[in-house]
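Undergrad: Could you work out the structure for the sequence below:
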Amino acid sequence: MLSRKQGFLLRLTATRVLLLLIFALLIYRLWQLQIVEGARFRQAADVNRQRTLPTAPLRGRIFDRDGHILADKVPSFSVLAMAEDLPEEEEDRTRMFDRLCTLLQCPGTLVIDPAALDHGARSTLAPWLANHMDLPANEVSGILAATEPPFSLTLRLEDREAGWLRGHMSGTVGLTYSNSLEQALWQQQDVTPSYLPIPLTDNIPRDCALVLAEQRQEFPGIFVQDTPLRTYPDGATSAHIVGYVGRISPDELATFNPTPDSGEPVRYLENDRIGKEGAERAFEDILRGQLGISEIQVDATGHPVGPPFEIRQAEAGYDIVLTLDTDLQRKTTEILQHYIYQAERQRPDYYRPVYSGVAIAMDPRNGQILAMVSLPTYDNNAFAGGISAEELQALLEDPRHPLLNRAIMGEYPPGSTFKLVVAGAALQEGTITPETRIHDPGALLVPNRYDPSLPPLRFPCWRSGGHGWLNVVRAVQHSCNVFFFIVAGGTPENKYEDALGIENLVRYAHAYGYGEPTGLGFPGEHTGLIPTPEWKEATLSEPWVQGDLYNMGIGQGNILATPLQVLNSAATVANGGTRYRPQLLLRVLDSEGSEVQSFTPQVERVFPVEDKYLALIREGMRRSVSEGYNAYARKASVAIAGKTGSAEFGPYLYKDNRQAHAWFVAFAPYEDPQLAVVVMVEGGGEGSRVAVPAVTDIVEYYFTRPGGPASEVGYGGTDSSQR
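TA: Numbers count the residues shown, from 1 in each chain. Take a look at the predicted model:
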């Protein structure tokens with residue numbers, strides 16, 4: 001048994017050993033934290049005390065080929081809030097937002113649940129609502145007494161009225177009121193870091209911005225920021241080409257920003273604007289510029305403890321110059337509007353209304369687009385400042401679809417304009433020769449394949465008496481259906497083996513640019529449709545029959561094309577067989593106006609049709625004007641060559657008649673093509689009656705306007721080195 005002294009010494013020794021072990025563990029842990037993992041913890045500490053502040057860049061401008069501004073920047077003011085500096089008490093914050101809404105004249109939303117309101121609330125609210133809804137008091141009382149689903153009202157209230165309403169809502173079930181500034185704060189407060197401001201509203205008047213700056217003490221946490229606003233001087237005239245910018249969506253933010261773990265800086269902020277349509281979207285990467293980056297030190301609560309330090313300055317986006325000729329664009333719009341109105345005025349009562357159409361002008365020597373009009377149109381300035389929900393809903397529900405760029409998104413049967421494809425393919429493949437003559441008695445009769453005793457199927461020419469004997473030049477001139485039926489699908493007496501055939505027809509259609517994107521690069525461009533037996537079986541669950549090939553030979557049936565495809569096809573015939581990619585971007589400029597990059601014409605492909613055959617097609621197109629039914633085009637001061645089309649669509653109407661789209665695609669001068677134009681009026685009827693005069697007036701204006709055609713040296717005129 002240990003003595004008392006020995007026990008004390010033993011406990012003392014144990015205590016010392018324990019203390020040594022504890023110190024050893026502390027020293028080991030300190031070494032591990034500071035030496036082994038020091039770098040990692042220092043990095044984490046830096047992350048906790050540093051915040052990155054991005055700065056939005058200035059967006060580049062858009063010009064036409066002559067230096068006319070199509071999209072510009074104008075001073076504008078936005079109201080933002082620093083959440084941490086707003087009044088802490090909800091009542092004080094609400095009162096401040098109501099005063100701010102009175103100054104900015106912003107709306108509020110009152111949500112009413114009639115089923116939840118008690119009698120006293122109905123009695124108090126009814127006369128007040130009657131005044132603001134401009135309805136009789138008894139009618140409002142009836143609305144409040146009904147047990148209908150909740151409904152909302154958009155109101156613009158002075159702060160006193162808002163205060164009265166909020167006061168009467170206290171403890172009242174079935175009523176909620178909030179103004180648009182509060183709603184913006186609620187929507188973004190949880191997802192916006194405390195050191196970043198929250199945007200509340202944009203594009204406030206300058207006088208309001210000055211008042212806010214003078215009275216900033218009355219609006220704690222609120223400040224005004226200078227935010228350049230997009231403006232479009234030509235508005236609706238060029239809206240479908242220029243497009244517009246709008247607030248970036250969550251999907252776009254996720255798509256265009258790098259992933260958080262990539263280590264790359266973000267390209268867009270949550271409240272950024274991005275190109276949505278037209279050139280604004282197609283050339284977003286050029287116009288956008290680059291975000292600036294600053295760093296700021298924050299304390300443990302995330303509050304800034306010093307001024308920001310700029311790491312990278314924001315870089316403004318580049319300006320771009322389009323091939324567009326604004327003067328021609330305006331005149332083309334005016335001409336197309338006139339002939340759409342004329343077609344509507346002359347249409348039979350049983351036709352649907354005529355209110356839409358397309359006109360495009362292109363330089364066939366390089367593919368540069370000089371004008372592109374789609375009607376009806378819209379004012380893109382409405383989107384630049386933030387379109388209201390009501391205005392947007394009205395545009396989306398408009399049965400005329402003004403937001404649709406029919407030049408590249410509209411898909412229509414091309415009608416007889418497609419005969420240019422059939423003629424070129426048949427000549428090149430040897431299905432016909434320049435000397436081949438085919439007889440048109442007025443219709444092609446095809447025996448019933450299942451029962452020859454039944455009456456034959458009749459494929460009529462548009463001219464009931466027929467055209468007699470024709471070669472390919474006269475067939476193009478007169479747009480003879482029977483000629484192209486036989487060329488595309490063959491004749492029964494030769495067992496259809498004298499035909500171009502579906503495989504060749506599909507191949508040449510794609511060579512002409514049908515059934516595939518033109519390469520313009522605009523969002524939403526449609527490809528049209530070149531039907532095949534496989535497509536019909538898979539899509540319609542129907543077998544391919546001989547009539548499908550006959551209809552395809554004249555641009556009818558299931559075939560679809562965009563107006564830009566039709567124009568590009570004809571422009572290729574005009575220039576001798578070089579298919580250019582349609583071009584809208586001419587050059588890129590920096591903020592000083594110096595050229596950064598220029599864009600030369602891009603050849604998509606060289607036609608598989610020899611120019612000697614294309615020359616025959618051009619001759620037929622010229623004769624359709626000089627000797628044919630398109631007499632109006634002979635009024636022009638330059639020689640026009642073109643091809644009409646009356647493409648039937650929809651159900652059969654009065655006396656087996658169907659409404660038709662009016663087409664005319666042409667080029668001029670015939671001897672030296674410098675301009676190609678297409679006009680299509682939806683439901684406009686015969687191409688010769690509506691589209692021919694429209695194209696003629698456009699061509700005439702282009703070549704006779706003051707200053708001459710767009711061949712003068714300017715911002716990349718058609719005789720420039722960029723041709």
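
Undergrad: Please name the nearest non-neighbouring residue to the residue nearest the centre of the chain.
TA: Central residue check for the chain by CA atoms, centre = their mean: the C-alpha nearest the mean position is that of residue 277, 3.0 Å away. In space, and not counting its chain neighbours, residue 277 is closest to residue 243: 3.6 Å by CB to CB, 6 or more residues apart in numbering. Every C-beta, even on glycine, is put in place using the N, C-alpha and C of the backbone.

Undergrad: so that neighbour sits right up against residue 280, yeah?
TA: Yes. The criterion here is CB atoms under 8 Å, and residue 243 meets it with residue 280 at 3.9 Å.

Undergrad: Which one of these two is surrounded by more residues?
TA: Counted by other CB atoms under 10 Å, residue 243 and residue 280 do not tie: residue 280 has more neighbours, with 30 against 26.

Undergrad: roughly how far apart are the more buried one and residue 16?
TA: Here residue 280 is placed at a distance of 79 Å from residue 16 (CB to CB, to the nearest Å).

Undergrad: ditto for residue 582
TA: 90 Å.

Undergrad: what about the two, which has more around it?
TA: Neighbour count, other CB under 10 Å: between residue 582 and residue 16, residue 582 has more, with 30 against 10.

Undergrad: Just the helices from the stretch 501-650 of the chain, written as ranges.
TA: 502-511, 533-540, 546-553, 563-575, 611-626 (DSSP state H, counting those that start in this stretch).

Undergrad: I'd like those helices laid out as JSON lines, including mean pLDDT and mean neighbour count.
TA: Shown next, in JSON lines, are those (pLDDT from 0 to 100; neighbours: other CB atoms under 10 Å):
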{"stretch": "helix 502-511", "mean pLDDT": "96", "mean neighbour count": "19"}
{"stretch": "helix 533-540", "mean pLDDT": "96", "mean neighbour count": "12"}
{"stretch": "helix 546-553", "mean pLDDT": "94", "mean neighbour count": "22"}
{"stretch": "helix 563-575", "mean pLDDT": "97", "mean neighbour count": "28"}
{"stretch": "helix 611-626", "mean pLDDT": "96", "mean neighbour count": "20"}
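
Undergrad: Quick check: which of these is nearest to residue 130?
TA: helix 563-575 (52.8 Å; CB to CB).

Undergrad: Report the distance from the closest one to the chain centre.
TA: The chain centroid and the centroid of helix 563-575 are separated by 23 Å under CA atoms, centre = their mean, to the nearest Å.

Undergrad: quick one on the thing from earlier: tell me the contacts of the residue nearest to residue 277?
TA: 275, 276, 277, 278, 279, 280, 281, 282, 380 (CB atoms under 8 Å, 6 or more residues apart in numbering).

Undergrad: Which pLDDT does the model give it?
TA: pLDDT recorded at residue 243 is 96.

Undergrad: how far away is it from residue 584?
TA: Separation of residue 243 from residue 584 (CB to CB): 11 Å.

Undergrad: any common contacting residues for these two?
TA: 279, 282.

Undergrad: Quickly note the distance from residue 480 to residue 463.
TA: 8 Å.

Undergrad: neighbour count winner among the two?
TA: Here residue 480 and residue 463 are set side by side on neighbour count (other CB under 10 Å), and the busier one is residue 480, at 25 against 15.
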